[in-house]
Structures are given as structure tokens and as C-alpha cells.
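**Q** Following is a predicted model, sequence given first.
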Amino acid sequence: MINLLLCGNKKVFDGALTQLISMTNRTKEAVHAYIMTMELGRLSPGYVCITEEQTDFLERVIQEKNPDNRVTRLDVTELYEAEFHGCVNEGAYCTPYTLLRLLADIVPGIPDKLLYLDMDVMIAGDIKELYDIDVSGVEYAAVREKYGCWLIRPDYFNAGMLLLNMEEIRRTGLLGKARQRIRGKKMLFADQTAIFKSTKKKKLLPRRFNEQSRFDRKDTVVCHFCKRLMFRPYPHTENYKQWQVEEIHKYLNCYTFDADLEEYLRRKREFETNALCG
């Protein structure tokens, strides 16, 4: 069983659906996706939990690929409020939902090995190749951050993919230390930097396990549609996500996932039709 961790609110449904379709289209081994979510209306009316209807639909879709595939919805609102309510990093560079992965060591039922993925990730190969990497003796494995490894430190990583050794993390207290940093000091890349500064030992992997710019390499396993810095025709950033099909064709020249995205569009229409009829 491949244990996967995703985090987000109701609005991440498109990301979860596209990612899980791409993963289960290429991976035979069963996948168990844990989706952490929370209600945080005190900060924004849009900060609502991913719904049971959404996670039930995700499970139905991936169980058509393998009946042993599972999706488990975890409402961690109370844990989040106990750890982070009013902290200086609630207005992080993304959303407070990026902080949820820092709760993994105190959420009941989380397995000893866990693959965390951001929602703007697509899977281009068998995810088992990544999941089976040995992380014994380290807290996690990650890939260098495209810009941060030049601007911050050579070993600075991108937290959009983390292969977590939860047994070792519980022993060293990595996530507890990261949570303490989150509560105590404002940081630009809050959760990512908190993990980086709290780490005792990590393993750095080749970029094909978290490719952050080019998606046409044949050996790539994880494609990360994260924000990119562009210099032409003038310095600017681009932030196109995989479910923005026309945009990734036009601006990223990415056609790698066309079959997956056709399935995604069909499945999304099916979900919306069921919601209207339900």
C-alpha cells in the first residue's frame, strides 16, 4: 500500500482529482490517500472543508482503477486551532492549509511511511518508484528547490514532495519543532523553511522526483506545476495549474497529461451533474 498525504479545502478538488487520476493510471499498487482538511471561516469564507461528497467521489474514481484504492478524509480543525490559532504565519505565502502537513505526527492513524504531495502535482510515472526509496535513518527525502538552492542554500528543498519517515520524525520531534517555529517567527516560506530549519537528517533526490519546470523528460515521475520565475520579455512570475488545460498547453507547452486531463474533465462533469441531481 502506498500511503499518500494531501492537504486542502473544498477548492482543491480539481487538484486532487487530476493528481489521483494521473497516479492511478500509472500505478498498479494500491494507494491510500489521506486528505487533511479544516474549517477556518474566521479567516476567509472560502476556507471550508473539502466535503465528504468530494472525497467519496475521489474514492469511487480511483477504485475503478484498483478496488483496494482508498481515500480518507481527516478534519483536523481542532488540532490546527490548538497549534496555530492567531500565529504570525497564518497569512502564509499560500494559505493556512500549507501548515496542515506539520500536524502529521499528532494525527491518529497516520502510517509510519507517508508521501506528501502538493495539490498542483501530476504523476508521470509509477509512483511506487518514489515511494519505495529507502528513508531509514533520515527524517524525509526531498528534491532541491529550483531557485532556493541558489538563493538560500545548496541543500534548500522544495516541500511540494516529501517522502516522510514518520517513525523517525516522531522520534526526533521534527514536526513539533517546526510547529514551534511557525508560532514564533514570521517566515516568507513558512512551512517549508520551518521544516528545513528543524531537520536533523534528510536525503536529497534527483529532480525527476519533483520536476519544477520541464515536464517532457521521459524519466520524470513527479511534475510540479508550481509558480515559476520568468525573465522574458520582462521579469515576472507564472502560476498555471494542471487543471487549467488551455493555459498549460499555451504557456507551458505541456501535453504530457492530455489523456488524464480528458478523463478529469469528464469526471468533473459527472460530479457536477450528480450534485445537481442529488
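**A** Looks like it arrived, so ask away. Numbering: from 1, shown residues only.
**Q** in the protein, which helix has the most residues?
**A** The longest helix of the chain (DSSP state H) is helix 258-277.
**Q** which residues touch that one?
**A** Applying Cβ atoms under 8 Å, 6 or more residues apart in numbering, the contact partners of helix 258-277 are 14, 17-18, 21-22, 25, 53-54, 57, 61, 122, 242-243, 245. Glycine gets a C-beta too; all of them are placed from N, C-alpha and C.
**Q** Could you tell me which of the residues you listed count as buried?
**A** 14, 17-18, 21-22, 54, 57, 61, 122, 242-243, 245 (16 or more other Cβ atoms under 10 Å).
**Q** Next secondary structure after the helix or strand bottoming out on mean pLDDT in the chain?
**A** The least trusted helix or strand in the chain, going by mean pLDDT, DSSP states H and E, turns out to be helix 148-151, with a mean of 59. Once the chain leaves helix 148-151, the next helix or strand it forms, by DSSP states H and E, is strand 157-165.
**Q** May I have the strands that pair with that following strand, each with its orientation?
**A** Strand pairing for strand 157-165, using DSSP bridges, gives strand 113-117 (antiparallel), strand 140-144 (antiparallel).
**Q** Contacts for the first one next, please.
**A** Taking contacts as Cβ under 8 Å, 6+ apart, the residues outside strand 113-117 that touch it are 2-7, 19, 34, 101, 104, 127, 130-131, 135, 159-167, 222.
**Q** change it to 6 Å
**A** 3-5, 101, 131, 161-164, 166 (Cβ atoms under 6 Å, 6 or more residues apart in numbering).
**Q** got it, and the last one?
**A** Counting by Cβ under 6 Å, 6+ apart, strand 140-144 makes contact with 133, 135, 157-158, 162-164, 202-203, 205, 207, 209-210, all of which sit outside it.
**Q** Can you classify Glu53 as helix, strand or coil?
**A** Assigned by DSSP: H, G, I helix; E, B strand; the rest coil, the conformation of Glu53 is helix.
**Q** got a winner among the contacts of strand 113-117 for most neighbours?
**A** Leu164 (27 neighbours; other Cβ atoms under 10 Å).
**Q** Now do the residue lying closest to that residue once chain neighbours are set aside: how many residues are near it, please.
**A** The shortest distance from Leu164 to any non-neighbouring residue, by Cβ to Cβ, 6 or more residues apart in numbering, is to Leu114 (4.5 Å). Other residues lying near Leu114 total 22 when counted by other Cβ under 10 Å.
**Q** Leu114 and Glu53, how far apart?
**A** As judged by Cβ to Cβ, to the nearest Å, Leu114 and Glu53 stand 25 Å apart.
**Q** where along the chain do the strands fall?
**A** Using DSSP state E, the strands of the chain run over 2-7, 31-37, 70-75, 113-117, 121-123, 140-144, 157-165, 202-205, 222-224, 228-230, 236-238.
**Q** of these, which approaches Ala190 most closely?
**A** strand 157-165 (10.2 Å; Cβ to Cβ).
**Q** center of this protein, which residue is that?
**A** Asp118 (1.7 Å; Cα atoms, centre = their mean).
**Q** That residue - nearest residue in space that isn't next to it in sequence?
**A** Using Cβ to Cβ, 6+ apart, the closest residue to Asp118 is Gly160 (3.9 Å).
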